[in-house]
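Let me see the structure of the following:
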Amino acid sequence: MSDTASWEDPEFAHRAQENQARLTAGLRSSYDFIVCGAGASGSVTARRLAENGQAQVLLLEAGGSDEAESVLNPALWPTNLGSARDWGFRAEPNPHLNGREIPMSMGKGLGGGSSINVMVWARGHRNDWDYVAAQADDPRWGYENVLDIYRRIENWQGAPDPAYRGSGGPVWVQPAAAPSPVALALLDAAGEIGIPVFDHPNGAMMEQAGGAAITDMLVREGRRHSLYRAYVRPWLDRPNLTVLTGATVLRVLFEGRRAVGLAIEHGGRQIAIGAGCEVVLSLGAIQTPKVLMHSGIGDRAELERFGIPVVQHLPGVGRNLQDHVSFGCTWEYAEPLAPRNSGSEATLYWKSRPELEAPDLLFCQVEFPVPSERTAQRGVPAHGWTMFAGLAQPHSRGRLRLRSADASRPLAIEADFLSDPRDLTTARRCLELCRALGNARAFHPFIRGEVMPGNLKGEDRDRYIRDAAVTYWHQCGTARMGRDETAVVDGALRVHGLDGLRIADASVMPRVATGNTQAPCAVIGERAAELIREEHGV
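So this is what the prediction gives:
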């Protein structure tokens with residue numbers, strides 16, 4: 001049965017449910033491949049490995065089902081934040097944000113972040129992928145090869161553009177349907193101040209200085225089409241793919257320097273499951289380094305401080321934490337205007353300084369107010385919209401630290417937003433551009449006026465930036481790809497110094513992509529599966 005035929009087919013759904021019930025009831029003691037995490041990368045890797053019917057693949061997920069209206073209805077995505085579908089991470093108090101603790105949501109459940117995010121499909125800039133290729137010393141990570149992957153996996157529903165867009169792939173991508181007039185106003189406002197407007201954001205626009213466009217979304221027939229639904233769900237009736245939910249990975253098991261399985265918690269008990277060929281960690285930029293550290297992989301001094309036996313000294317584990325940081329600017333509607341689709345339908349990338357090679361600013365229009373907990377105290381209009389504007393290439397770097405040898409204890413997250421002074425300088429320019437866009441003539445028919453920040457200067461402006469700063473939920477970089485002493489994986493995503501263990505998620509990114517991270521994570525999943533299949537001949 002094709003992926004298209006299985007879409008919302010009740011007969012298929014029943015058959016898949018029965019098959020998975022049988023497979024999980026008769027859980028094997030060992031599988032050829034175990035993929036940990038059914039998010040944006042893990043779903044892709046597991047599906048591609050399972051396409052070889054001779055390979056037994058186990059996909060583990062700590063959360064539960066994605067069968068919920070809050071997941072499937074694009075308009076309800078904010079209701080998942082802080083819910084059981086969110087890991088609910090929280091960063092440590094940050095002196096650069098006036099002592100604030102920033103919530104850092106990450107998806108927990110089938111689909112991971114792709115089941116609770118804003119459904120944006122943003123491929124990244126040409127420079128992003130060429131940088132990855134240089135760090136990996138492998139041209140297959142470069143832009144031209146990655147563009148081929150995107151064309152192969154997309155089922156593009158917009159105007160044909162064969163140079164950049166694909167058709168017939170598993171990932172249903174469409175422009176925001178019937179966008180709000182304020183989304184169209186953003187494109188007109190961009191044109192007013194000299195920023196070019198494109199038919200879509202995932203082609204020529206991201207080979208140059210940037211531009212503005214209507215957002216590409218993973219929405220199909222009005223419902224979220226997560227990467228889990230795109231890749232794994234159509235394969236749930238296969239006998240060689242087992243999807244086990246409610247399974248928390250505790251640590252990787254080794255024989256010598258080879259990964260041979262996992263210790264997991266499931267159904268209130270700890271069990272060990274073997275991996276004949278490989279273990280793939282796709283748990284995200286916080287949970288993947290956590291599992292590595294509890295498995296004895298990380299900075300020797302940090303591990304020994306908690307009595308964790310060292311399997312491999314890799315001081316880069318948990319370091320290089322990056323994220324896009326946003327500073328919301330809000331306008332009040334002249335008349336109430338209901339959000340459409342996900343409530344985020346227009347996007348814009350631009351440069352803070354003309355001499356830059358690529359955009360370093362990221363703007364997502366949100367058709368309702370999105371203050372921080374601190375800026376909400378300034379007063380939020382009952383009806384308004386927000387320019388969710390931020391840094392596409394921040395210089396600040398954070399890190400993750402163990403709190404305990406107990407794998408059930410969360411890590412300490414030191415996000416360190418704005419710790420690099422260059423980011424504050426860029427944030428000031430970001431606010432200037434944001435206000436120029438929101439106050440442009442194109443918006444005059446729709447707004448009563450600017451609510452925040454207003455024309456702030458000096459310390460008042462900087463205080464607003466520190467109070468407004470929030471995450472874009474694009475955490476990455478904590479097990480980065482590279483060849484130096486602080487790299488964690490090589491260009492083939494293998495953990496340095498170990499056999500049978502790879503990482504396939506945003507933690508391997510040497511630097512954060514220019515844009516939302518969901519689409520780059522799909523590429524990481526595709527590349528991981530390709531590399532594994534090459535090595536094992538599956």
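
Check which residues of stretch 330-338 are buried.
For stretch 330-338, the buried set under the neighbour-count rule, 16 or more other C-beta atoms under 10 Å, comprises 330-333, 337. (Each C-beta comes from the backbone N, C-alpha and C, glycine too.)

What of stretch 396-404?
Residues of stretch 396-404 classed as buried by neighbour count (16+ other C-beta under 10 Å): 396-400, 402.

Put the alpha carbons of that stretch into PDB.
Taking Å, rounded to 0.1, in the frame of the first residue of the first chain, the C-alpha atoms of stretch 396-404 are listed here in PDB:
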ATOM      1  CA  SER A 396      26.000  32.800  22.100                       C
ATOM      2  CA  ARG A 397      26.600  29.200  23.200                       C
ATOM      3  CA  GLY A 398      25.200  27.400  26.200                       C
ATOM      4  CA  ARG A 399      25.800  24.000  27.700                       C
ATOM      5  CA  LEU A 400      24.100  21.100  29.500                       C
ATOM      6  CA  ARG A 401      25.300  19.700  32.800                       C
ATOM      7  CA  LEU A 402      24.600  16.600  34.800                       C
ATOM      8  CA  ARG A 403      22.800  17.100  38.100                       C
ATOM      9  CA  SER A 404      23.100  13.500  39.300                       C
END
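
Return the member of the buried residues of stretch 396-404 nearest to residue 285.
Closest approach between those and residue 285, by C-beta to C-beta: residue 400, at 8.5 Å.

tell me the contacts of the closest one?
By C-beta atoms under 8 Å, 6 or more residues apart in numbering, residue 400 lies in contact with 286, 289-290, 318-319, 321, 411-414, 478.

Mind listing the residues bridging to it?
residue 413 (DSSP bridges).

Let's have the buried residues of stretch 396-404 in JSON lines, adding distance to residue 21.
Converted to JSON lines, the buried residues of stretch 396-404 look like this (distance: C-beta to C-beta, whole Å):
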{"residue": "396", "distance to residue 21": "47"}
{"residue": "397", "distance to residue 21": "45"}
{"residue": "398", "distance to residue 21": "42"}
{"residue": "399", "distance to residue 21": "42"}
{"residue": "400", "distance to residue 21": "37"}
{"residue": "402", "distance to residue 21": "37"}
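
how near is residue 12 to residue 18?
Distance from residue 12 to residue 18, counting by C-beta to C-beta, to the nearest Å: 11 Å.

Which one's more surrounded, these two?
For residue 12 and residue 18, the more surrounded residue by other C-beta atoms under 10 Å is residue 12, and the numbers stand at 17 against 12.

Dump the host helix or strand of that one to PDB, restricted to CA.
Residue 12 belongs to helix 10-25 when assigned by DSSP states H and E. C-alpha atoms of helix 10-25 as PDB (Å, rounded to 0.1, in the frame of the first residue of the first chain):
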ATOM      1  CA  PRO A  10      -9.800   3.300   8.400                       C
ATOM      2  CA  GLU A  11      -9.000  -0.200   7.200                       C
ATOM      3  CA  PHE A  12      -5.300   0.500   7.200                       C
ATOM      4  CA  ALA A  13      -5.500   2.100  10.600                       C
ATOM      5  CA  HIS A  14      -7.200  -1.000  12.000                       C
ATOM      6  CA  ARG A  15      -4.600  -3.300  10.400                       C
ATOM      7  CA  ALA A  16      -1.700  -1.200  11.600                       C
ATOM      8  CA  GLN A  17      -3.100  -1.100  15.200                       C
ATOM      9  CA  GLU A  18      -3.500  -4.900  15.300                       C
ATOM     10  CA  ASN A  19       0.000  -5.400  13.900                       C
ATOM     11  CA  GLN A  20       1.700  -3.100  16.400                       C
ATOM     12  CA  ALA A  21      -0.300  -4.700  19.200                       C
ATOM     13  CA  ARG A  22       1.200  -8.100  18.200                       C
ATOM     14  CA  LEU A  23       4.700  -6.800  17.800                       C
ATOM     15  CA  THR A  24       4.800  -4.900  21.100                       C
ATOM     16  CA  ALA A  25       3.200  -7.800  23.000                       C
END
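
And it, what does it pack against?
When contacts are defined as 3 or more C-beta pairs under 8 Å, 6 or more residues apart in numbering; DSSP states H and E, helix 10-25 packs onto strand 241-244.
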